[in-house]
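Student: Fold the stuff below for me.
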Amino acid sequence: MTKQKTFTGVVASDKMDKSRTIVIITREKHPLYKKYVPKRTKLMVHDEQNASALGDKVLIGETKPISKRKSWVLLEVLDKHQD
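Tutor: The predicted model follows:
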C-alpha cells in the first residue's frame, strides 16, 4: 500500500464549477550552477463543495482520474485569502 501524494498550493482560477486550477511552486537545484530555481506547476483539482476561492492556500491529494485533466482532489482549505 502506498501513501497518497499531497501538495500545498494556491488557487489560481475558480471560474469553473467543482474545479479549480492550483499553482504549486517548488524549488529545484540547478545541476550546473547549483542555485535554486523556482518551478511552477499548474494542476486541475476537483472541489466538490466549491469551498475554495481565488488566492486561497489549499491542500490537495491524488486520486483516480476524474476526467481528462483532473486526477487531484481538494482535501482542505488551509488559509482563506483576505481582500
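
Student: Run through the bridge partners of the most centrally placed residue in the chain.
Tutor: By CA atoms, centre = their mean, the mean C-alpha position of the chain lies nearest to I22, the distance being 3.8 Å. Note on I22: beta-bridge partners by DSSP bridges are V11, L43.

Student: surely it meets L75?
Tutor: No. Here I22 does not reach L75: they are 11.5 Å apart, not a contact under CB atoms under 8 Å. From N, CA and C alone the C-beta is placed, and that goes for glycine too.

Student: Now do the shared contacts for these two.
Tutor: With contacts taken as CB atoms under 8 Å, 6 or more residues apart in numbering, I22 and L75 have V58, I60 as neighbours in common.

Student: where does this protein dip in pLDDT?
Tutor: Scanning the chain for pLDDT under 70 picks out 1.

Student: how about the strands in it?
Tutor: Under the criterion DSSP state E, the chain contains strands at 6-13, 19-29, 36-46, 57-62, 70-79.

Student: So which bits of the shortest one are buried?
Tutor: In other words, strand 57-62. Buried residues in strand 57-62, defined by neighbour count with 16 or more other CB atoms under 10 Å: V58, I60.

Student: How many neighbouring residues does G9 have?
Tutor: Using other CB atoms under 10 Å, G9 has 24 other residues around it.

Student: Please name the residues that touch K39.
Tutor: I25, T26, R27, E28.

Student: Format those residues as JSON lines; extra columns: distance to S67 and neighbour count.
Tutor: Rendered in JSON lines, the data for the contacts of K39 read as follows (distance: CB to CB, whole Å; neighbours: other CB atoms under 10 Å):
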{"residue": "I25", "distance to S67": "25", "neighbour count": "11"}
{"residue": "T26", "distance to S67": "25", "neighbour count": "12"}
{"residue": "R27", "distance to S67": "30", "neighbour count": "9"}
{"residue": "E28", "distance to S67": "29", "neighbour count": "10"}
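
Student: any idea how far V77 is from G61?
Tutor: 13 Å (CB to CB, to the nearest Å).

Student: Oh, that last question was meant for S67, not what I typed.
Tutor: From S67 to V77 the distance is 22 Å (CB to CB).
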